[in-house]
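Asks: Only the shape, not the letters, is given here:
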């Protein structure tokens, strides 16, 4: 049998979990099948790689040698695959747009604009709650661009080497039923919501921590937070069971209103990201301009936010030259 990368992954999985049974579960294999595979690997390499007893599996001296080489080879091969995937699209960048989005309010508008501008282009989308997952997909060549948001002046992780440019800078609003006593206010002090229950979508950024800190500054700790998808957040607000933080460009829903939080204790920046070495980088400025235009289009459906922006010029769409 010739030794392959998949065999090295097996050895690493057993070492990392300390158990053939646990490694089998991690790899999605039956334990007897993984045991038989390990035995074939050991025969190929000329000796046992693990000492196995009721306490688990521990690498032998030969096993440590194989693991040392595997921990160099596997990341190197992954890097090669990622680089190849990014460069494979060279020459097709103007005819293919693969977007990932984290609850992006402008994804539909951006797709519409690109489809009208380039009717023969192939456009696809992928949704995730995790900006890190989407950034990894850009790094590996499976996506071209990411639309995501961050709170305040935060930036996404630099681990994946993406370039990030701002599309817009928004105040965070609160979503309320029309019958809520605060719905008639032009702005809502965060402190006035101290007795409310909250609905929120999941995510992997710092927004939850920033929200908790803002509540603490306002003198309260949120009573309860329901973490669920956007549609269920709306359902909870409609039912009067919760209020929700919302992007200022949130599409109006009958029976609900969005109101700015007084003194803008929370901000949300919408960003577009891409890898600087990928073909997508060559037309990133063009895509960014379309994203800013799609955001501007979205303002027309929210006259309350438009009126608020007139008095708060530091918010809203980002100037392309300064993006």
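Replies: Good, I have the coordinates. These figures come from a predicted structure and were not determined experimentally. Numbering: from 1, shown residues only.

Asks: Give me the nearest residue to residue 284, chain neighbours excluded.
Replies: residue 274 (5.1 Å; Cβ to Cβ, 6 or more residues apart in numbering). Heads up, the C-betas are built off the backbone N, CA and C, glycines and all.

Asks: for the one you found, phi and psi?
Replies: phi -160, psi 170 (degrees, to the nearest 10).

Asks: burial measure for residue 255, as a count.
Replies: 11 (other Cβ atoms under 10 Å).

Asks: What distance do you get for it to residue 146?
Replies: To residue 146, residue 255 is 33 Å away according to Cβ to Cβ, to the nearest Å.

Asks: which ones are touching residue 270?
Replies: 104, 105, 106, 147, 148, 149, 166, 167, 168, 169, 170, 295 (Cβ atoms under 8 Å, 6 or more residues apart in numbering).

Asks: Sorry, wrong one. I was asking about residue 244.
Replies: 174, 175, 198, 199, 200, 233, 234, 236, 237.

Asks: Just confirm it is within a helix.
Replies: No. Counting by DSSP: H, G, I helix; E, B strand; the rest coil, residue 244 is located in no helix; its state is strand.

Asks: Please shift the residue numbers so they start at 616 in all later answers.
Replies: Yep, numbering from 616; the last one is residue 859 now.

Asks: Relative to residue 929, how far out is it?
Replies: Distance from residue 859 to residue 929, by Cβ to Cβ: 24 Å.

Asks: ok, now residue 628?
Replies: 51 Å.

Asks: Would you mind telling me which of the two has more residues around it?
Replies: Between residue 628 and residue 929, residue 628 has the larger neighbour count (other Cβ under 10 Å), namely 19 against 9.

Asks: Quick check: pLDDT value at the more buried one.
Replies: With respect to pLDDT, residue 628 scores 93.

Asks: Just the element for it, please.
Replies: Element membership of residue 628, judged by DSSP states H and E, is helix 620-632.

Asks: That helix: what's the following helix or strand?
Replies: With DSSP H and E, the next secondary element past helix 620-632 is helix 635-642.

Asks: what packs against that next one?
Replies: On a contact count with 3 or more Cβ pairs under 8 Å, 6 or more residues apart in numbering; DSSP states H and E, helix 635-642 meets helix 620-632, helix 646-660.

Asks: returning to what we had before: which members of the contacts of residue 859 are positioned in helices?
Replies: Among the contacts of residue 859, the members falling in helices (DSSP state H) are 848, 849, 851, 852.
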